[in-house]
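**Q** Sequence and computational prediction follow.
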Amino acid sequence: MTTASDNVKTRAAIIGCTGYTGYHLVDLLLRHPGAELTYLASHRAVLPDLRDEFPQLSGRLDDEVAQTRPIDFEAIAESADVAFLGLPHKAAMAYAPKLLDAGLRVIDLSADYRLSDQALYEEVYDVKHDDPRNLAEAVYGIPELFRKDLPGATLVANPGCYPTAAALAVAPLLSHSLVKTERIVINAASGVTGAGKSPKPSLHFPEANQAFGAYGVIGGHRHQPEIAQTLSRIAGHEVSPLFVPHLLPVDRGILETIYLEPHDPDVTEEELIDAFVDAYAGEPFVRLRESPPNIKHVVGTNFCDLSVRLTTQGDVKTVVVFAAEDNMIKGASGQAVQNMNAVFELDETAGLL
Ligand SMILES: NC(=O)c1ccc[n+]([C@@H]2O[C@H](COP(=O)([O-])OP(=O)(O)OC[C@H]3O[C@@H](n4cnc5c(N)ncnc54)[C@H](OP(=O)(O)O)[C@@H]3O)[C@@H](O)[C@H]2O)c1
């Protein structure tokens, strides 16, 4: 494995480069001082030049790299140290084992390796898991919470966009035992790019524009079990929050407002803030805000902005945490690059500030 001390660039391949997360991986890796983009792979019969898919990349990509190539595992392994998978679930687990067997590190942006319980994955995604061997080895990549798992990891499950914000927002309260875990309510909204580039009727401009509604409430959203898994891991016992996502008619950005009940009715707002300062002091990508954060201030960045408040109605106290992030950066491609940096022991902020 190359590391920062070797002073050579980490060579990166992307499979799924024509999608939204793929584009942002390209954009970030082109700015990365310690990484080199060497292989862009596509499954299409007619392989596109990525500059035709994303004209904003013209002038930034060499001809050789811009021309996408087939998903040839040996050729990718010869050209790259790490492969990013910006693919739908199910497609990712069809490729990951072959890439790992070819000696690559893999950072998977799909859901295929996020849920460590295979049966739960199969229930939630309604598909058989084809790669239980690697599922057992996958590391869940939120560096701020599970950093020690990352150096040298072979397969990183890059978290979902909603789960990243929820985990960062709730973790300090759980690790400091400040809140009850029976009733956590996560009210969340995401921009339309969260659903990917493939057209869907509900995402057409006339349907999504100037509209605002909840979805995935009946039957549950697929991110709920992932959020529950992370919160349970931090709490040390089962935690199953209520999660209500909404589709926000903006291109990008996630805002979550989370309601929790304090353990101690005499807890103060200062104690809550101290828990967040303790958890995130020195974390380059978590910003603690006095005022509730706004997606406008995080879009295009790898920051997750957090703010915590204690409210009182009569004798009922409620802890309210606000979290904002860019679904495609801290919620996907930025965090994937942050994970790559941690795996290869590079400066974790490289390419991201
Ligand atoms: N969008 C977000 O904000 C976000 C956030 C966190 C996580 N994620 C996850 O990241 C993954 C990618 O999301 P996205 O938004 O980038 O999706 P997307 O815009 O729909 O792009 C999907 C990519 O996968 C390729 N692809 C589809 N089926 C394939 C197959 N069988 N073999 C090879 N390539 C295939 C597509 O190629 P073609 O263009 O040729 O079809 C495209 O490049 C998903 O699992 C998603 O859940 C997305």
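**A** All right, it came through fine.

**Q** Show me where the stretch 201-350 of the chain has its helices.
**A** Using DSSP state H, counting those that start in this stretch, the helices found in the stretch 201-350 of the chain span residues 205-208, 223-235, 269-280, 334-343.

**Q** Could you check how far the last one is from the centre of its chain?
**A** Taking C-alpha atoms, centre = their mean, to the nearest Å, one finds the center of helix 334-343 at 10 Å from the center of the full chain.

**Q** Just checking it against the ligand, any contact.
**A** No - residues of helix 334-343 contacting the ligand under C-beta under 6 Å from any ligand atom: none, with a closest distance of 8.4 Å. Where you see a C-beta, it was placed from the backbone N, CA and C, and this is true even at glycine.

**Q** Determine the set of other helices and strands touching that helix.
**A** For helix 334-343, the packing partners by 3 or more C-beta pairs under 8 Å, 6 or more residues apart in numbering; DSSP states H and E come out as helix 20-30, strand 82-85, strand 105-108, helix 143-146, strand 155-157.

**Q** tell me the angle of it relative to helix 20-30?
**A** Interaxial angle, helix 334-343 versus helix 20-30 (axes from the mean of the first three to the mean of the last three C-alpha atoms, to 10 degrees): 50 degrees.

**Q** pLDDT (mean, whole number) over helix 334-343?
**A** For helix 334-343, mean pLDDT rounds to 98.

**Q** could I get the helices of the stretch 201-350 of the chain as JSON lines with mean neighbour count and distance to residue 303?
**A** Output for the helices of the stretch 201-350 of the chain, formatted as JSON lines (neighbours: other C-beta atoms under 10 Å; distance: least, C-beta to C-beta, whole Å):
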{"stretch": "helix 205-208", "mean neighbour count": "12", "distance to residue 303": "25"}
{"stretch": "helix 223-235", "mean neighbour count": "21", "distance to residue 303": "19"}
{"stretch": "helix 269-280", "mean neighbour count": "16", "distance to residue 303": "11"}
{"stretch": "helix 334-343", "mean neighbour count": "27", "distance to residue 303": "9"}
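
**Q** Same list (the ones you listed) but as a markdown table, adding distance to residue 162.
**A** Below are these laid out as a markdown table (distance: least, C-beta to C-beta, whole Å):
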| stretch | distance to residue 162 |
| --- | --- |
| helix 205-208 | 18 |
| helix 223-235 | 4 |
| helix 269-280 | 19 |
| helix 334-343 | 13 |
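
**Q** Of the helices and strands packed on helix 334-343, which is nearest residue 320?
**A** helix 143-146 (20.6 Å; C-beta to C-beta).

**Q** Spatially, and excluding backbone neighbours, which residue is closest to residue 71.
**A** residue 41 (4.7 Å; C-beta to C-beta, 6 or more residues apart in numbering).

**Q** Return the residues in contact with the one you found.
**A** 13, 14, 15, 16, 17, 68, 69, 70, 71, 72, 76 (C-beta atoms under 8 Å, 6 or more residues apart in numbering).

**Q** near the ligand, which of the residues you listed show up?
**A** residue 16.

**Q** what residues go with each domain of this structure?
**A** Recorded structural domains for the chain (assignment: automatic domain parsing) are 4-159+332-343, 162-327.

**Q** and these as JSON lines, adding distance to residue 350?
**A** Below are these laid out as JSON lines (distance: least, C-beta to C-beta, whole Å):
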{"stretch": "domain 4-159+332-343", "distance to residue 350": "5"}
{"stretch": "domain 162-327", "distance to residue 350": "11"}
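
**Q** Point out the residues in the protein that sit beside the ligand.
**A** Residues of the chain lying near the ligand (C-beta under 6 Å from any ligand atom): 16, 18-22, 42-44, 86-89, 91, 109-110, 160-161, 193-194, 196-198, 327-328, 331-332.

**Q** can I get the helices and strands packed on helix 334-343 in TSV with mean neighbour count, mean pLDDT and distance to residue 202?
**A** Converted to TSV, the helices and strands packed on helix 334-343 look like this (neighbours: other C-beta atoms under 10 Å; pLDDT from 0 to 100; distance: least, C-beta to C-beta, whole Å):
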stretch	mean neighbour count	mean pLDDT	distance to residue 202
helix 20-30	23	98	17
strand 82-85	28	98	26
strand 105-108	27	98	26
helix 143-146	18	98	32
strand 155-157	26	98	27
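
**Q** nearest to residue 306, of these?
**A** Nearest to residue 306 among the helices and strands packed on helix 334-343 is helix 143-146 (10.7 Å), distances taken as C-beta to C-beta.
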